[in-house]
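[1] need coordinates for the below:
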Amino acid sequence: MGNSAVLTNSGKRPSSPHWPIVAAVLIDSEEHKAAELREACEVDGDARPAGAKALGRENDEWIADGLIERHGKTANTTDTMTAAAMAVIDR
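    Next comes the predicted model:
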């Protein structure tokens, strides 16, 4: 199986090239800010450029799919990987 960090979620696989990178960051069960995820994915700048907005949309989709959990209600939110996602990650 290898260490591809590909996740199967109800028969769906995240199609983003960012998912393996984000999963590798979030696998430690710690809370991470969006800026950390942008940096890991080599997306330049803050949340305004197109690349950052696209990553933000992907992140929202992963949250809706139950792969990531968001903590906080302001601009200082953090994300963690859900236990369900961790349980099925191929390491």
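[2] nearest residue to the most centrally placed residue in the chain in space, please, no chain neighbours.
    What sits nearest the mean C-alpha location of the chain, by Cα atoms, centre = their mean, is Val22, with 4.2 Å. Spatial nearest neighbour of Val22, chain neighbours left out: Leu37 (5.6 Å); criterion: Cβ to Cβ, 6 or more residues apart in numbering. For the C-beta atoms, the positions are set from N, CA and C on the backbone; glycine is no exception.
[3] check which element follows the helix or strand hosting that neighbour along the chain.
    Element membership for Leu37 (DSSP states H and E) is helix 34-40. Using DSSP H and E, the next helix or strand after helix 34-40 towards the C-terminus is helix 50-64.
[4] and the average pLDDT for that next one is what?
    For helix 50-64, the mean per-residue pLDDT is 89.
[5] related to what we said a few turns ago, the host helix or strand of the residue nearest to the centre of the chain vs helix 50-64, what angle?
    In this structure, Val22 sits in helix 19-26 according to DSSP H and E. Calculated by axes from the mean of the first three to the mean of the last three Cα atoms, to 10 degrees, helix 19-26 forms an angle of 70 degrees with helix 50-64.
[6] CA atoms only: put helix 19-26 into PDB for me.
    C-alpha atoms of helix 19-26 as PDB (Å, rounded to 0.1, in the frame of the first residue of the first chain):
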ATOM      1  CA  TRP A  19      -4.700  16.600   0.000                       C
ATOM      2  CA  PRO A  20      -1.600  14.400   0.700                       C
ATOM      3  CA  ILE A  21       0.300  17.500   1.800                       C
ATOM      4  CA  VAL A  22      -2.500  18.700   4.100                       C
ATOM      5  CA  ALA A  23      -3.100  15.200   5.500                       C
ATOM      6  CA  ALA A  24       0.700  15.000   6.300                       C
ATOM      7  CA  VAL A  25       0.500  18.200   8.200                       C
ATOM      8  CA  LEU A  26      -2.800  17.400  10.100                       C
END
